[in-house]
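Participant: Predicted model and sequence below, questions to follow.
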Amino acid sequence: MWESPVDMRKQIFCNRSLNMKSIVAVGFDMDYTLAQYKPDTFESMAYAGTTKKLVNNLGYPKDLLEWKFDWKYMVRGLVVDKKRGNILKMDRHKYVKVAYHGFQRVSREERQATYGFTLSRDSYDEPDYALIDTLFSLAEAYLFMQLVDFRDQFPEKIPSGTDYAQMYKDVRAAVDLCHRDGTLKQAVAHEPSKYINDDKQIVPMLKMLRQSGRLTFLVTNSLWDYTHVVMNFLCGKSGTDGGTPRDDEWLSYFDVVVTGSAKPTFFQDGNRSPLFEVDISTGMLQNTDRGTPIGGIGLNTPILPQRAVKQACRVFQGGSVAHLHRLLSIAAGAQVLYVGDHIYGDILRSKKELGWRTMLVVPELEFELEMLAQTFSIRKEVSKLRMLRDVLEDKLQSLEWALRFHNLTVDEQHTFQEKIEILQSERDKIREQHRQAQRDCHHQFHKTWGQLMKTGYQNSRFSHQVERFACLYTSQVTNLCYYSPDKSYRTTEDFMPHELEGIGL
Ligand SMILES: Nc1nc2c(ncn2[C@@H]2O[C@H](COP(=O)(O)O)[C@@H](O)[C@H]2O)c(=O)[nH]1
Ligand SMILES: [Mg+2]
């Protein structure tokens with residue numbers, strides 16, 4: 001039975017109410033959703049593969065091969081300023097609150113001059129900026145910042161004519177190649193347990209959803225051969241490494257599997273990508289017409305839809321969401337819940353364009369929740385200091401106004417001036433205490449970037465996106481096991497600032 005209350009770190013949080021009873025099909029992304037990669041091994045391997053390609057293929061010096069990767073340094077939600085070689089953390093209004101050039105902190109004055117006091121507001125999007133919005137991007141952001149520092153120190157060692165933006169392009173191209181040429185996937189296939197967390201609850205979770213009558217599907221950008229490796233590791237009998245033969249048992253937990261889906265284009269209206277059926281015994285692709293197999297020339301290929309015959313999971317490559325809806329007989333987008341890790345690739349388009357309900361997996365949330373509990377008193381203190389600072393500022397401004405515009409006697413002017421000076425020094429003291437306490441608090445979450453979901457005391461750009469696009473969010477996909485598959489998830493009450501007055505929040 002399901003425990004209540006659920007351990008805080010395993011809870012599913014709700015931005016938009018969702019009654020699971022109206023969900024007909026539950027879909028999953030694979031990489032970083034069902035398969036949680038171990039950043040210390042997987043991202044380190046991506047980092048090493050990328051540096052090798054920069055040296056061997058793109059003319060960067062051998063020094064790079066000596067560099068080390070700190071996999072804890074970068075966090076999701078940061079934005080790379082490709083032209084300036086900076087990395088930024090911003091709040092939900094897109095105000096840049098923390099900036100680093102390489103690994104050097106940019107001073108407040110410089111940050112405001114560059115990003116604050118400009119005539120037009122920047123959107124901080126591609127092509128000049130890159131969002132670090134998946135855990136796959138942490139290594140490339142780190143390497144880019146190392147290159148920025150290196151170029152500043154030894155410009156002669158960088159291939160001539162390479163500015164920061166070109167360096168970013170080179171890093172991106174090298175990372176991309178690592179994902180495509182087998183650098184990463186062959187190593188994972190050889191020893192999945194070294195790179196992927198073994199989550200024993202995935203199978204029970206899928207079984208529970210299917211028992212509840214839900215259809216289940218997988219839509220991943222990974223191709224069939226790799227998907228088969230990873231899913232075998234996560235759901236197979238063996239659950240082990242390389243040498244163990246793979247079997248098809250994991251497919252029995254899904255109705256449809258779409259590999260090589262090319263999300264987010266997969267979700268786009270009018271996407272005409274052809275759908276191929278994967279012959280799982282050979283990995284060969286077979287043409288289909290909206291999921292119905294098409295007979296090859298001169299071959300005796302069955303042309304009846306396989307679903308007409310009692311058929312277990314079918315595996316496809318490519319296609320579009322229209323194909324998926326047809327295969328699952330989905331009548332309305334709101335009948336689908338899709339669980340993914342990538343705000344842009346998995347969540348934003350599927351929700352905006354199709355009305356799918358969404359759940360975002362945020363593994364960082366577990367630590368964030370632990371820290372929220374640990375920093376409870378310091379956060380209360382920060383909030384008290386902020387209120388006190390605001391009260392002092394109001395008093396001060398009122399006295400300053402009076403001194404300038406009221407007809408005061410000379411004695412009164414003296415008294416007001418004295419009061420102002422006392423208040424000013426008190427306000428400065430409190431302001432500094434507030435800044436320091438806030439800094440200390442953030443520092444406990446992450447020594448460079450602070451709390452993932454906050455920038456200063458405002459929601460960070462990342463948490464703002466989570467709030468806007470994910471109906472539900474949670475630390476691990478298998479947290480679904482802790483709730484009934486018929487649960488009605490409800491949001492907490494909304495509060496406008498005026499409603500918070502007087503209730504001590
Ligand atoms: N060619 C590239 N592939 C990439 C890159 N970053 C990640 N990936 C691959 O995408 C899929 C993600 O699958 P999903 O299950 O989350 O949809 C996986 O195969 C990654 O290796 C990249 O920069 N270039
Ligand atoms: Mg993913």
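Facilitator: Now that the structure is in, tell me what you want to look at. Ligands and ions are numbered 1, 2, ... in the order given.

Participant: For ligand 2, what's its nearest residue on the stretch 351-500 of the chain.
Facilitator: Per Cβ to the ion, V361 is where the stretch 351-500 of the chain lies closest to ligand 2, at 8.4 Å. Quick note: C-beta positions are derived from backbone N, CA and C, even for glycine.

Participant: so what's that residue bridging to?
Facilitator: Note on V361: beta-bridge partners by DSSP bridges are T474.

Participant: Distance check, it against D29.
Facilitator: Counting by Cβ to Cβ, to the nearest Å, the separation of V361 from D29 is 8 Å.

Participant: And the contacts of stretch 355-367?
Facilitator: Stretch 355-367 is contacted by residues 9, 12, 16, 18, 23, 32-33, 36, 75-76, 135, 332-334, 336-341, 343, 346-347, 350-351, 445, 452, 466, 469-477 when judged by Cβ atoms under 8 Å, 6 or more residues apart in numbering.

Participant: Kindly recompute the last result at 6 Å.
Facilitator: Contact partners of stretch 355-367, identified using Cβ atoms under 6 Å, 6 or more residues apart in numbering, comprise 9, 18, 33, 333-334, 336-339, 341, 347, 350-351, 452, 466, 470-473, 475, 477.

Participant: try stretch 483-497
Facilitator: Contact with stretch 483-497 is made by W2, C14, S17, L18, N19, M20, K21, L209, S212, L472, as judged by Cβ under 6 Å, 6+ apart.

Participant: Need the pLDDT of the last one.
Facilitator: In this case it means L472. pLDDT for L472: 98.

Participant: Could you do the first one as well?
Facilitator: As summarised for this prediction, W2 has a pLDDT of 78.

Participant: And for the fifth one?
Facilitator: The predicted local confidence for N19 comes out at a pLDDT of 98.

Participant: Excluding chain neighbours, what is closest to it?
Facilitator: Of all residues not flanking N19 in the chain, S488 sits nearest, at 4.4 Å (Cβ to Cβ, 6 or more residues apart in numbering).

Participant: State the number of residues packed around the one you found.
Facilitator: Neighbourhood size, S488 [other Cβ atoms under 10 Å]: 12.

Participant: give me phi/psi at S17?
Facilitator: For S17, the backbone dihedrals are phi -50, psi 140 (criterion: degrees, to the nearest 10).

Participant: how about it, what does it touch?
Facilitator: Neighbouring residues of S17 by Cβ under 6 Å, 6+ apart: R490, T491.

Participant: Would you quantify the distance from it to V361?
Facilitator: Distance, S17 to V361, using Cβ to Cβ: 20 Å.

Participant: after the lowest-mean-pLDDT helix or strand in the chain comes which helix or strand?
Facilitator: The least trusted helix or strand in the chain, going by mean pLDDT, DSSP states H and E, turns out to be strand 292-293, with a mean of 77. The C-terminal neighbour of strand 292-293 among helices and strands, as given by DSSP states H and E, is strand 314-318.

Participant: which strands and helices sit next to that next one?
Facilitator: The helices and strands touching strand 314-318, judged by 3 or more Cβ pairs under 6 Å, 6 or more residues apart in numbering; DSSP states H and E, are strand 256-259, strand 275-278.

Participant: CA atoms only for that strand - export them in CSV, please.
Facilitator: Output of strand 314-318 as CSV, limited to C-alpha atoms (Å, rounded to 0.1, in the frame of the first residue of the first chain):
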residue,chain,number,x,y,z
ARG,A,314,5.5,-2.6,-31.2
VAL,A,315,8.7,-0.8,-31.7
PHE,A,316,9.1,2.1,-34.2
GLN,A,317,11.6,4.6,-35.3
GLY,A,318,10.8,8.3,-36.2
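
Participant: so what strands line up beside that strand?
Facilitator: Strand pairing for strand 314-318, using DSSP bridges, gives strand 256-259 (parallel), strand 275-278 (antiparallel).

Participant: And ligand 2, is the first one touching that?
Facilitator: No - Strand 256-259 lies out of reach of ligand 2 by Cβ under 5 Å from the ion, never closer than 12.7 Å.

Participant: what's that strand in contact with?
Facilitator: Identification of contacts with strand 256-259 by Cβ under 6 Å, 6+ apart yields 217-220, 223-224, 227, 313-317, 327.

Participant: Report the buried residues of stretch 85-94.
Facilitator: Residues G85, N86, I87, L88, K89, M90, D91, R92, K94 are the ones in stretch 85-94 that count as buried (16 or more other Cβ atoms under 10 Å).

Participant: coming back round to it: just give me the lowest mean pLDDT stretch among the helices and strands packed on strand 314-318.
Facilitator: Ranked by mean pLDDT, these bottom out at strand 275-278, with a mean of 94.

Participant: So which bits of this protein are right by ligand 2?
Facilitator: Contact residues, the chain versus ligand 2 (Cβ under 5 Å from the ion): D29, D31, Y32, D341.

Participant: contacts with ligand 1 among those residues, please.
Facilitator: D29, D31, Y32 (Cβ under 6 Å from any ligand atom).

Participant: Tabulate these (a markdown table), appending pLDDT and neighbour count.
Facilitator: A markdown table is the format used below for these (pLDDT from 0 to 100; neighbours: other Cβ atoms under 10 Å):
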| residue | pLDDT | neighbour count |
| --- | --- | --- |
| D29 | 98 | 26 |
| D31 | 98 | 24 |
| Y32 | 98 | 19 |
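
Participant: Just send those back as a markdown table, with secondary structure too.
Facilitator: Listed next are these as a markdown table, based on DSSP: H, G, I helix; E, B strand; the rest coil:
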| residue | secondary structure |
| --- | --- |
| D29 | coil |
| D31 | strand |
| Y32 | coil |
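
Participant: in whatever helix or strand H414 lives in, what's buried?
Facilitator: Secondary structure from DSSP H and E places H414 in helix 410-445. Buried residues in helix 410-445, defined by neighbour count with 16+ other Cβ under 10 Å: F416, I420, L423, R427, I430, R431, H434, A437, Q438, C441, H442, F445.

Participant: Distance from the chain centre to that helix, please.
Facilitator: 38 Å (Cα atoms, centre = their mean, to the nearest Å).

Participant: Show me what it is packed against.
Facilitator: Using 3+ Cβ pairs under 6 Å, 6+ apart as the contact test, the elements touching helix 410-445 are helix 376-405.

Participant: can you do 10 Å?
Facilitator: If you count contacts as 3 or more Cβ pairs under 10 Å, 6 or more residues apart in numbering; DSSP states H and E, helix 410-445 packs onto helix 365-374, helix 376-405, strand 454-455.
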